[in-house]
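Trainee: below are the sequence and a predicted model; questions follow.
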Amino acid sequence: MEKTWRWFGPNDKITLDMLRQIGVEGIVTALHHIPNGEVWTPEEIDRLKSFIEAHGLRWSVVESLPVSESIKYAGPDRDRLIENYKESLANLGKAGVKTICYNFMPVLDWARTDLEYPNPDGTSNLYFNRGEFAYFDIHILKRDNAEADWDETTLARAAEIAESMTPEREAKLIENIIIKTQGFVSGNFSENDLKPVDKFRELLKLYDGIDKDALRANMKYFLEAIMPVCREYGINMCVHPDDPPMPVFGLPRIVTCEDDIDWFLNAVPDSHNGLTFCAGSLSAGAHNDVTVLARKFADRTHFVHARICTVMPDGDFKESSHLDPRLIDVVRTFETLRPGVPMRVDHAPLMLGDGDKGYNAGYSFHGRMLALGMVSGIMATVNSEQQ
Ligand code: DNO
């Protein structure tokens, strides 16, 4: 696999020169300054591409070319936005950047309740506490009928959490769930939002009446519209699985399990319609066996996210070591079946001073460097076994 790294552009505190020193071959990035829905022009694409190449690296993957909410809920301007999307794709294709990661998650991208959950060894990790997430849904968001979406055990946990909740912890939950992660991935939120919860409620309203079937139909409509451009320029679209892989806040999620993946691959049966195999997102659902899924979907996987989660009996989950045997198996599968496919690590621990640097959540330097070292070791072992 090609060793890639998610880099957030020339303002990223982690520089391309640093990345060359640690064995990174390709860059995963986006034109983060262009507002969601606007066309990525050839000039802007070339500027970033030349910058990357001047540092001896290549722009391997776009993550993400964001799909506007209106395309997801079929708003009145979706066709105009799809035309813009096609134009951006064509411009990327002409520039030779041909692997495009995106997601089809309404409103939220990935969500965690804790961004610095302490590990016994002094490092910290991302963590999803199901009880706190339900607390947020019921007591902070105050969503109509939220209780009906949670099981008894989780409701009991949320009630217990409510008894000792503090305003500080509430503020932290809001920051973690809807600002810190979403701000830089979906662009829906920024640190300057004064009333993020109100804004969040407004966004959720856009999906009133949109169920799983409707969201699927909208994804199919989008994919069918862009496939001709993808074929013309040899672009591979790779949808990122939903994280966590379950419906949240009453929103449908449609890339959560084997059936879902089968559905969208068959709905638009074109090799350019593919998957980002994020072992981490899929493994956050106890229903998924990532080692089976990796083998099954290898031929339609155009990008790999190497990380893995452990789900606890109460439904909490946390990011595990990049040496987890399941991840070793996933890496072996892709290294064997898809040797050149781009791969990046993420959601690695904060360690050795990472926590003071203000990195985007999940995108530490030392933690990711260690993770990349581990995954590179697995790849080297697999290759030596094959000789
Ligand atoms: C999380 C990332 C996702 C991913 C988007 C792709 O760390 O893997 O936010 O970039 O879902 O659109």
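Mentor: Noted; the coordinates are in hand.

Trainee: which residues touch the nearest residue to residue 318 once chain neighbours are set aside?
Mentor: Excluding its sequence neighbours, the residue lying closest to residue 318 (Cβ to Cβ, 6 or more residues apart in numbering) is residue 127, at 4.8 Å. For glycine as for every other residue, the C-beta is placed from the backbone atoms N, C-alpha and C. Contact analysis of residue 127 by Cβ atoms under 8 Å, 6 or more residues apart in numbering lists 112, 113, 114, 117, 316, 317, 318, 319.

Trainee: does residue 127 count as helix, strand or coil?
Mentor: Classification of residue 127 by DSSP: H, G, I helix; E, B strand; the rest coil places it in strand.

Trainee: next one: it, what pLDDT does it get?
Mentor: With respect to pLDDT, residue 127 scores 97.

Trainee: who does it bridge with?
Mentor: In this entry, residue 127 is beta-bridged to residue 114, residue 318, by DSSP bridges.

Trainee: now it: how far from residue 88?
Mentor: Remark: distance between residue 127 and residue 88 (Cβ to Cβ, to the nearest Å) = 35 Å.

Trainee: try residue 1
Mentor: Distance of residue 1 to residue 88, given as Cβ to Cβ: 26 Å.

Trainee: the two: which has the busier surroundings?
Mentor: More crowded of residue 1 and residue 88, by other Cβ atoms under 10 Å: residue 88, with 24 against 21.

Trainee: correct me, but that one touches residue 64?
Mentor: No. With contact defined as Cβ atoms under 8 Å, residue 88 does not count as touching residue 64 (11.3 Å).

Trainee: what residues does this structure put near the ligand?
Mentor: 63-64, 101-103, 109-110, 185, 240, 278, 305, 346, 362 (Cβ under 6 Å from any ligand atom).

Trainee: rewinding a little: biggest separation within the contacts of residue 127, which pair?
Mentor: Maximum pairwise distance in the contacts of residue 127, criterion Cβ to Cβ, is 13.1 Å, between 113 and 319.

Trainee: more crowded one of the two?
Mentor: Under the criterion of other Cβ under 10 Å, the comparison of residue 113 against residue 319 puts residue 319 first, with 26 against 21.

Trainee: residues in contact with the more buried one?
Mentor: Going by Cβ under 8 Å, 6+ apart, residue 319 touches 125, 126, 127, 280, 307, 308, 309, 347, 348, 349.

Trainee: same question, residue 374
Mentor: 321, 322, 323.

Trainee: can you tell me how far the second one is from residue 372?
Mentor: Think residue 322. Separation of residue 322 from residue 372 (Cβ to Cβ): 8 Å.

Trainee: can you check which residues contact both of the two?
Mentor: Common neighbours of residue 322 and residue 372, using Cβ under 8 Å, 6+ apart, are residue 345.

Trainee: pLDDT score assigned to residue 193?
Mentor: Note for residue 193: predicted pLDDT of 75.

Trainee: neighbours around it, how many?
Mentor: Look at residue 193: counted by other Cβ under 10 Å, it has 16 neighbours.
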